[in-house]
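Peer 1: I'd like to go over a predicted model; first the sequence, then the structure.
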Protein chains: 2
Amino acid sequence: MSNNWTKSFSEAARRTRPSPVRELLKVIRQPGMISFAGGMPAPEVFPVEQFAEGAELLRTKADLLLQYGTTEGYNPLREFLAKWTAPRLGREVSLDEMLLTTGSQQALDLFAWAMVDQGDVVITEDPTYMAAINTFSNHGAEFASVPVDGEGMVVANLPALIEKLRKDGKKVKFIYTIVNFQNPAGSTMSEPRRKELAAVAARYDLTIFEDDPYGYVRFDGQHLPSIFSFDGADNTIYAGSFSKILSPGVRIGWVSGAKEIIRQMTVFKQTTDLCSSPITQILTHEYCRKGYLDSHLPNIVANYRVKRDAMEQSFKKHLAPLGVTWVKPEGGFFYWLDTGRIDSNDLARRALEKKVAILPGAPFCINPEAGVHASRINYTYSQPDVIEEGVTRLAQAVEEMKIPAK
Amino acid sequence: MSNNWTKSFSEAARRTRPSPVRELLKVIRQPGMISFAGGMPAPEVFPVEQFAEGAELLRTKADLLLQYGTTEGYNPLREFLAKWTAPRLGREVSLDEMLLTTGSQQALDLFAWAMVDQGDVVITEDPTYMAAINTFSNHGAEFASVPVDGEGMVVANLPALIEKLRKDGKKVKFIYTIVNFQNPAGSTMSEPRRKELAAVAARYDLTIFEDDPYGYVRFDGQHLPSIFSFDGADNTIYAGSFSKILSPGVRIGWVSGAKEIIRQMTVFKQTTDLCSSPITQILTHEYCRKGYLDSHLPNIVANYRVKRDAMEQSFKKHLAPLGVTWVKPEGGFFYWLDTGRIDSNDLARRALEKKVAILPGAPFCINPEAGVHASRINYTYSQPDVIEEGVTRLAQAVEEMKIPAK
């Protein structure tokens, strides 16, 4: 059919690429496939009964649930979150310092609306969240990156990088970091690095987007204070989400930060989706109000800890002898495997033939070198026996591709 | 507190303005205020019981409702809508020709993502939907407009306008039209003009965004075929919404069009909010599947017809003698009053003093002249006796401001 669409597309449309994960997900639905590729919560940890208790509100508060909501979000839920996040943020934020978003994905988009002009530089970890790269890129951002090690972002590399970028005439806008159980690297930023990052941002007049969708899913050790809590200059925005601690289906995230940036993001939310659903916001508030968020979270953590431990055991048994290395995540959803000299695109293809799906590292990276020998492995979705079988198949793929050391 | 936000804002952030409606809505919550300012459905038309019947799905289909959904939207709801909209669209679209959005507001944003580069021209009706202007403007659009009369957009003006814009070196991207019961003008595009508009778009290689949130809320006369149905070249995208025929709280709109543009919008939805809520999509599908969308719609139409008639009577009684004129809307939510030589900003202020809220016309207009003597009046939210009282107050304001003819 002849029509005028393709030739009318915007530059952004010509530039953007569909998520390779979403493309892969189609292949994954084959029978017998074991998937370590996605980032989905396990359905068995959904608090079905407790969440469904709120269903009566569809009748008793229909005038609120079925009507337009405010762009800022349902006030009682914002009030709950301001209190609930206070231990992590170091203080209880006020309502004009908090915005509810349609999933934390929308927080990335609204933040980019408020901050990014064509050619501005965003500094990220390498690797980092694929859909953050795509979102900022759609808004015209360019990227610079620093590596991630077992203590998270290598903050010590930042000053030289920022100075070089500025010397080259680049406008650095903000630093994007996933502080806890990083997606995809799995590692957590240490407390000294958090303090150092806040100090670097202040010294170089930069702002920070602290993305923390996984932070409450911690298996070992203690929760760490946020970068937000160390930022006396109020230059950090903190984003959280219900997706991993309750349900992605509610599509609710939140962002806390200085009222200037929250206000700007709210104005852009007016034009991107007007308001989030009062139905899911009010049902979620009811769940939280009754104390279920706190009482159920240990069940989620326990479920995923068992799976993380199962994967750790399977890795030690099948992959360690092959020279594959990793950092054991203290929480969250992912392992990041370093397969030495094996190309991770080839490995992902070989693994698919053996009916196990993993994600190659390159799409998560600013510098493709950072991901060429790495793969992201999810452990939250499969049961322990499936994890063992999947890792066995993955090890066979690695074994077949192993390049002998010279 | 000193921080770096304001100086780091994007050009779009410096350019954008918060919605004047949303600002006004704060004033409107005063006691005793009668509001004709918003565009909200009346809570008494929400099908509370029928919608709440689906609540059991929160338990029985929790694995779907609480999980991530596909970016394209819940397939059974897309299938339902493809069939349900077929009479209006002239054919049943296929699934790759339909995308579900987080309210039809998101359809405007995703369409702009796919289509608009800085400086591209969008042609609209004058007046037009305020939040469409803001959305396209955030994406860098410039605007040109043609007036609206009792038969909708004055399509005859388009060829000369398009030719002039092209002669001036402008890139015209698409034509935006609200075909039925236009917001704010209230008028409906006649069938001959719909055919003519499709022909003009084809002749000038342009695409059309046919926005139809009110189309199913018709009080008088017959439903008209969409522009989409007259567009043999597949250059029209049609957007609908559940906000006015079920509930704005579900945050569900849909767009139908050629698979090329639907695909592009889907890719941008991945980065703006990943997916819409499966909770509200599945509850809405359940409501539709049971036939309630069709069986309840006459109740909504009947309720609003009574209010439209009440307002028409009050206008005839109180405003016609003062020389105020209007087009009687055959459906939808709004009247657009022409108050002759009275400035509508002044009138809105004077009316507020008398505790009746209306919206001045200018923010709805590309050419401010088109709105300087016009006001938008909503009739769906207030009861008939309140409408009579509100119009009485409005007439007093007009009377006090009346400029004697020379």
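Peer 2: Great, that's in hand.
Peer 1: A:Gly340 reaches A:His373, doesn't it?
Peer 2: Yes - the criterion here is C-beta atoms under 8 Å, and A:Gly340 meets it with A:His373 at 6.2 Å. (Each C-beta comes from the backbone N, C-alpha and C, glycine too.)
Peer 1: got the buried residues for stretch A:154-161?
Peer 2: Buried residues in stretch A:154-161, counted by 16 or more other C-beta atoms under 10 Å in any protein chain shown: A:155, A:158.
Peer 1: just how off-centre is it within its chain?
Peer 2: On the basis of C-alpha atoms, centre = their mean, to the nearest Å, stretch A:154-161 sits 22 Å off its chain's mean C-alpha point.
Peer 1: Report the mean per-residue pLDDT for it.
Peer 2: Averaged across stretch A:154-161, pLDDT comes to 98.
Peer 1: Please apply the same query to stretch A:211-224.
Peer 2: For stretch A:211-224, the mean pLDDT works out to 97.
Peer 1: The stretch 101-250 of chain A: helices as residue ranges?
Peer 2: Along the stretch 101-250 of chain A, counting by DSSP state H, counting those that start in this stretch, helices occupy A:103-115, A:130-138, A:158-167, A:191-203, A:227-230.
Peer 1: Does stretch A:263-275 reach chain B?
Peer 2: Yes - counting by C-beta under 8 Å from any C-beta of the partner chain, chain B has neighbours in stretch A:263-275: A:264, A:266-268, A:270-275.
Peer 1: Now do A:Arg14, the pLDDT please.
Peer 2: Looking at A:Arg14, its pLDDT stands at 89.
Peer 1: Run a quick neighbour tally on it.
Peer 2: A:Arg14: 10 surrounding residues under other C-beta atoms under 10 Å in any protein chain shown.
Peer 1: Does chain B have contacts with the helix or strand harbouring it?
Peer 2: Taking DSSP states H and E as the criterion, A:Arg14 maps to helix A:11-15. Yes - using C-beta under 8 Å from any C-beta, we find that helix A:11-15 touches chain B at A:11-13.
Peer 1: So for A:Gly340 and A:His373, which residue has more residues nearby?
Peer 2: Neighbours per residue, other C-beta under 10 Å: of A:Gly340 and A:His373, the larger number sits with A:His373, 19 against 14.
Peer 1: quick one: contacts for that one?
Peer 2: A:338-344, A:361 (C-beta atoms under 8 Å, 6 or more residues apart in numbering or on different chains).
Peer 1: Which ones among the residues you listed lie within helices?
Peer 2: Residues of the contacts of A:His373 located in helices (DSSP state H): A:Ser344.
Peer 1: can you list contacts of the helix holding A:Arg14?
Peer 2: Residues outside helix A:11-15 that contact it (C-beta under 8 Å, 6+ apart): A:137-138, A:140, B:113-115, B:117, B:264, B:267-268.
Peer 1: ok, back up a step: of the helices of the stretch 101-250 of chain A, which stretch is the most buried?
Peer 2: Highest mean neighbour count of the helices of the stretch 101-250 of chain A: helix A:103-115, a mean of 27 (counted as mean count of other C-beta atoms under 10 Å in any protein chain shown).
Peer 1: Compute the inter-axis angle for it and helix B:103-115.
Peer 2: Relative orientation of helix A:103-115 versus helix B:103-115 (axes from the mean of the first three to the mean of the last three C-alpha atoms, to 10 degrees): 60 degrees.
Peer 1: Just the CA atoms of helix A:103-115, as CSV, please.
Peer 2: Extracted C-alpha coordinates of helix A:103-115, given in CSV (Å, rounded to 0.1, in the frame of the first residue of the first chain):
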residue,chain,number,x,y,z
GLY,A,103,6.1,3.2,35.9
SER,A,104,9.6,4.5,36.5
GLN,A,105,10.2,4.2,32.8
GLN,A,106,8.1,7.4,32.5
ALA,A,107,10.4,9.1,35.1
LEU,A,108,13.3,8.7,32.7
ASP,A,109,11.3,10.2,29.8
LEU,A,110,9.9,13.2,31.9
PHE,A,111,13.4,13.8,33.3
ALA,A,112,14.9,13.8,29.8
TRP,A,113,12.1,16.2,28.7
ALA,A,114,13.1,18.6,31.4
MET,A,115,16.9,18.3,30.9
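Peer 1: hang on, the earlier thing: buried residues of the helix holding A:Arg14, list them for me.
Peer 2: Neighbour counts over helix A:11-15 (16+ other C-beta under 10 Å) mark A:12-13 as buried.
Peer 1: what distance separates that helix from the centre of its chain?
Peer 2: The answer for helix A:11-15 is 24 Å, by C-alpha atoms, centre = their mean.
Peer 1: Kindly report the same for stretch A:71-86.
Peer 2: The answer for stretch A:71-86 is 21 Å, by C-alpha atoms, centre = their mean.
Peer 1: How is chain A partitioned into domains?
Peer 2: Per automatic domain parsing, the structural domains of chain A span A:8-46+A:295-398, A:50-292.
Peer 1: Give me whichever of those is most buried.
Peer 2: It is domain A:50-292: most buried of these by mean count of other C-beta under 10 Å, with a mean of 21.
Peer 1: Do me a favour and get the end-to-end distance for it?
Peer 2: With C-alpha to C-alpha, to the nearest Å as the measure, domain A:50-292 spans 7 Å from end to end.
Peer 1: same question, stretch A:122-132
Peer 2: For stretch A:122-132, the first-to-last residue distance is 10 Å (C-alpha to C-alpha).
Peer 1: Same check on stretch A:226-234?
Peer 2: Length of stretch A:226-234, first residue to last, C-alpha to C-alpha: 13 Å.
Peer 1: Nearest approach to B:Asp294 belongs to which of the helices of the stretch 101-250 of chain A?
Peer 2: Nearest to B:Asp294 among these is helix A:103-115 (31.9 Å), distances taken as C-beta to C-beta.
Peer 1: Who are the packing partners of that closest one?
Peer 2: When contacts are defined as 3 or more C-beta pairs under 8 Å, 6 or more residues apart in numbering or on different chains; DSSP states H and E, helix A:103-115 sits against strand A:98-101, helix A:130-138, strand A:207-211, strand A:236-241, strand A:253-256, helix A:259-272, helix B:11-15, helix B:259-272.
Peer 1: In space, what's closest to A:Glu44 - neighbours in sequence excluded?
Peer 2: Leaving out its chain neighbours, the residue that sits closest to A:Glu44 by C-beta to C-beta, 6 or more residues apart in numbering or on different chains is A:Asn303, at 6.9 Å.
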